[in-house]
Every structure is written in C-alpha cells, then in structure tokens.
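*Asks:* Structure of the sequence below:
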Amino acid sequence: MSRRVHMVGVSGTGMGALAILLREIGYDVQGSDASFDPPIGPALEAAGVRCLRGFSAEHITRDLDFIVVGNAIRRDNPEALAVAESGVRALSMSGALREFFLAGRRPLVVTGTHGKTTTSAMCAWLLRSAELEPGYFIGGLPKNLPSGAAVGSLRRKIVGATAPPTPFVVEGDEYDAVYWHKQPKFFDYVGVGDDDVVIVTGVEHDHVDIYPDEKTYVAQFEALARKVPASGLIVCDASQRAAARAIAENARARVAFYALEGDDTGDITPTWLAAYAPIDLGGMQPFDLFVGGMSCGRFTMHTPGAHNVRNAVAALCACADGFGVPVLRARAALASFEGVRRRQDLLGTPGGVRVYDDFAHHPTAVHETLAALRAKHREGRLWAVFEPRSATACRALHQKAYASAFGAADRVLFAPLGRSNVPEGERLDLELLARAIGERAQAMPSIDSILEQLASEARPGDTIVLLSNGAFGGLHRRLLGRFGP
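*Replies:* Okay, the predicted model is just below:
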C-alpha cells in the first residue's frame, strides 16, 4: 500500500500541523499552497514535507494513498477538480485527524466562541504534567510545549493492567470542514469512542459569513451536545445561560457546569466555581477554586484576567473530572503554564514601552484582553491598536458592541478594514466607531500612520497591545525596531 499523501492548502496553521503529524507516523507527505511564508514554511521543510508552490492538477497522481483538502480551498481550485477525477480518496483536515490520531484515543475536544486555544493548551499541559502522555492538536503555539501538535503515546504503559486509551486534546472550531462537507469541524472529533470529554466555553454569535444569525450558530453547539456519547462528559460555561441551557437540554452525556463567583447563572448551579482575585505584586493571577461547595485552595497562573480564570477552571474540570488528574497536582502544573503565543504575548519592552501581541478580534475577546492588561499594568497609558480583519470583525454586526469593548484603553487606534469584499452597507464603520468612543479613539488611514503616531506619542511605562487575527502588515516587528532595544 502506498504511504504517500498530498495536502492541498498545506500552509495553513492546522493543515501544516497535520502534515507534520503525518510525517511523524511514517507517511511521505507533500503539499501545495500559494506561498510558504515563515513560520509554517520553514517548519514544513524541516519536518521533511515537500512544499510545492502553486496549485496544479499535475500534483494529483493515482499512486497517492489519500489526499487531504484544506477548508480554504474552493471547489474550482485546479487540484480540487483533479481530485474529483483521480478516484483517490479525499479527506478533510478534521476527517484525517479523526481517522489517524483520534481513533483509539480518548478525545478531549475544546469548543466555544472564545478561549479555545488557551484552554486546549492548558489541558494538554495539565495532562502531560500528570504523565498521561497526551497527543494534542492546538491552533496556536503553547509556550510550554515544543509545538502546537504532538502524536502522544498510543497507550499508557501500566504494569499488570490493561492500559486505557491515552487522551488526545483537540481544539475544535465551528468553521466548515471542507467544501464538500459544510459542517463544523468539531462534529468530526466526537463519537470516536464512547467516553469523549467536550468543553464548551462561552457561545456568542460569530462567523457571520456562514452563520447568518445567532440561532443558526447556537444550533451547531446543540447538535454537538447530542453527538457526545451518553458515557461522556460535557464541561460547560454556566454564565452563558441560554446557550448552557440549550446544551444541557440536548445532551445525552453528563454535564458539569463551571462559572466565576458573581456570574448570573439563573437556575443552573455550577459545580466548579472560581473566585477571581486581583493580580498580585509578582504579576501572577490568583483565584480560589471551589468544587461542589468545597474549597480546593488558592490557585495562581501567569496568564491574567477573568477570562483566563474561566479557561483555567474549564481545563481543571475536564482534566480532573474527565481524566482523574488530582486537583492538587493540576494546581502545581497550572502555576507553571506560560500561555500561548499571540495571546497577551509580551513581545518586548523597547525603550521602556511594553508591546503585546494578541489574537482578539471579537468584541468580548477585545474587552477581556484589555481589562486583563489594564489590571496587570496600572501605570502608564494603555494603547489599543485594532485591525478588523476577520469576516465577522469587518461587518457592522458588532458596531455597538465594539464601542464599549475598548473601555479599558486610554488611546485607541483603528487600522483600515482588512477585507475589501464586504458590501459597503454591511461594513464596520470605523469613523462612526471612533466618534462613539470619543476623543481617545482615531480611525487611521494606514498602518504606516499608526506606526508614526505610536513612535511619536508612546512614552516609557506605556503599554501597547496590537489586536489582530492576521499579520497586521508586519507592524509588530516594525514597532519593536522603531522603539529600539
């Protein structure tokens, strides 16, 4: 049997990670894409993946074992057309992950609108620290781990007993799997065995390009709850009362609710409850944890903010309740968790100015990120520099919500919209948004003008956070260079 694989659109974060995992289990992997920019291009080449620039029907040959097609690929792509004619088996990224890495494991699937990457990384770190040898597939780079993906051990070695399947942590998003399978990727990650563990963080309307209204969006999570096996576990944020109730009503599996002290959870009683505490003098984020009304003591972590306390409680619940990790052991591991790149990621302090990179683009994520950084750095001004780039961020859907999302910032600079294909009447109006916020906000004409304003006005002790789910035109690197060492 052939051990050759071709991947169409291999340069994406998830596809690139999957290519490297397939190499690790012995496949000869090649992949095509429009470009192979750092960091994924060099990483693919270092792993032995043959990188084919551009898309061509000639890349699709009948001696391939199978082909993986990324969700960014359209059905009229020349390789997609050739796949249909070749007769070679084609898989989506999520389908390949299920078949080759989740089968025979016990999945821990992290879903929800916010916090998936950080929560997935926390889960992988807690399970690894407990010596459960997990595999993982995370949409970011955890600072404690060598990469965002690992095969893990197929089965734990237990002397004198049958070893249970090892955990496999996977970040499960709700975006379409591939053009011929227009369903959320997370559907492919559940029902692999009979005791899946699924985390559902807060659910808010997102991805408006494929889910036109909130009802359609929430329906995906209701369907997910129905797919989790009866002997599985769903860990759910109780603060999102409507979504939490809908999930609980559709679930066959046991549901464990978590919340922060002071949350309005209605008639839902959270079993796992955290009491948020102010950031200490050492910059650590403390909180007190209660399980079933019993105190488990004080926990600390490097990643600040109430939203990260929520992420931590979800991870603690999933790992302890779902996989038997002792809570006290998990507490020690959490204290050493360093976070994920592009999530409140301090790039440097050139000239005494702190420069952070963050992936936040939804209004809730923007609000939580800025509140956390304001609490951590009380001195100096907080500059929020926002690039609306995602399909949701570029639309007027959250026009009013954005006006309050930047409340913690002293100065707000908006980059031009990152998409030009949004109909004019549906676009986020940045001039209107700046006026709604007031004098501290400006809609800037270009990224160059943002760089010049920051370079001329930011002072030692200030904090700048660059908020974008893209490369932001290289602003991160240029800003660090402009301020100097």
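*Asks:* so where do the strands sit in the stretch 351-485 of the chain?
*Replies:* Counting by DSSP state E, counting those that start in this stretch, the stretch 351-485 of the chain has strands at residues 354-358, 382-386, 411-414, 441-443, 463-467.
*Asks:* Partner strands of the shortest one and their direction?
*Replies:* Looking at strand 441-443 with DSSP bridges, its paired strands and their directions are strand 411-414 (parallel).
*Asks:* Name the residues that touch the strand it pairs with?
*Replies:* 381-386, 388, 406, 430, 433-434, 437, 440-444, 450, 453-454, 457 (C-beta atoms under 8 Å, 6 or more residues apart in numbering). Heads up, the C-betas are built off the backbone N, CA and C, glycines and all.
*Asks:* How about stretch 183-195?
*Replies:* Residues contacting stretch 183-195 (C-beta under 8 Å, 6+ apart): 71, 92-95, 97-98, 102-103, 105-107, 109, 111, 165, 170, 172-177, 196, 198, 220, 223-224, 227-233.
*Asks:* when you check those against the strands, which ones overlap?
*Replies:* 92, 106-107, 109, 111, 170, 176-177, 198, 233 (DSSP state E).
*Asks:* can you redo those residues as TSV with neighbour count?
*Replies:* Below are those laid out as TSV (neighbours: other C-beta atoms under 10 Å):
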residue	neighbour count
Ser92	22
Arg106	21
Pro107	27
Val109	29
Thr111	26
Val170	32
Asp176	18
Ala177	22
Val198	30
Leu233	22
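*Asks:* Kindly reformat those as JSON lines containing distance to Ile25.
*Replies:* Formatted as JSON lines, the ones in strands among the contacts of stretch 183-195 follow (distance: C-beta to C-beta, whole Å):
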{"residue": "Ser92", "distance to Ile25": "18"}
{"residue": "Arg106", "distance to Ile25": "18"}
{"residue": "Pro107", "distance to Ile25": "17"}
{"residue": "Val109", "distance to Ile25": "21"}
{"residue": "Thr111", "distance to Ile25": "25"}
{"residue": "Val170", "distance to Ile25": "16"}
{"residue": "Asp176", "distance to Ile25": "26"}
{"residue": "Ala177", "distance to Ile25": "21"}
{"residue": "Val198", "distance to Ile25": "25"}
{"residue": "Leu233", "distance to Ile25": "28"}
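*Asks:* still on that earlier bit, from the contacts of stretch 183-195, which would you call buried?
*Replies:* Among those, those that count as buried by neighbour count (16 or more other C-beta atoms under 10 Å) are 71, 92-95, 97-98, 102, 105-107, 109, 111, 165, 170, 172-177, 196, 198, 220, 224, 227-228, 232-233.
*Asks:* what's across from Ile67 in the sheet?
*Replies:* Ile67 has these beta-bridge partners by DSSP bridges: His6, Ala90.
*Asks:* what's the spacing between it and Asp173?
*Replies:* 22 Å (C-beta to C-beta, to the nearest Å).
*Asks:* hmm, back to that, out of the ones in strands among the contacts of stretch 183-195, which is nearest to Ala365?
*Replies:* Thr111 (15.5 Å; C-beta to C-beta).
*Asks:* Pretty sure that closest one sits against Lys227.
*Replies:* No. Using C-beta atoms under 8 Å, Thr111 makes no contact with Lys227, being 11.3 Å away.
*Asks:* Using PDB, write down the CA coordinates of stretch 75-95.
*Replies:* C-alpha atoms of stretch 75-95 as PDB (Å, rounded to 0.1, in the frame of the first residue of the first chain):
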ATOM      1  CA  ARG A  75     -14.200  23.500  -5.400                       C
ATOM      2  CA  ASP A  76     -13.000  25.200  -8.600                       C
ATOM      3  CA  ASN A  77      -9.300  25.000  -7.500                       C
ATOM      4  CA  PRO A  78      -7.400  23.100 -10.200                       C
ATOM      5  CA  GLU A  79      -6.300  20.500  -7.700                       C
ATOM      6  CA  ALA A  80      -9.800  20.100  -6.300                       C
ATOM      7  CA  LEU A  81     -11.000  19.400  -9.800                       C
ATOM      8  CA  ALA A  82      -8.300  16.900 -10.300                       C
ATOM      9  CA  VAL A  83      -9.000  15.200  -7.000                       C
ATOM     10  CA  ALA A  84     -12.600  14.500  -8.200                       C
ATOM     11  CA  GLU A  85     -11.300  12.900 -11.400                       C
ATOM     12  CA  SER A  86      -8.500  10.900  -9.900                       C
ATOM     13  CA  GLY A  87     -10.500   8.500  -7.800                       C
ATOM     14  CA  VAL A  88      -8.000   8.800  -5.000                       C
ATOM     15  CA  ARG A  89      -9.600   9.000  -1.500                       C
ATOM     16  CA  ALA A  90     -10.000  12.600  -0.300                       C
ATOM     17  CA  LEU A  91     -10.300  13.700   3.300                       C
ATOM     18  CA  SER A  92     -10.900  17.000   5.100                       C
ATOM     19  CA  MET A  93      -8.400  18.000   7.800                       C
ATOM     20  CA  SER A  94     -10.800  17.100  10.500                       C
ATOM     21  CA  GLY A  95     -11.600  13.800   8.900                       C
END
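*Asks:* No further questions, thank you.
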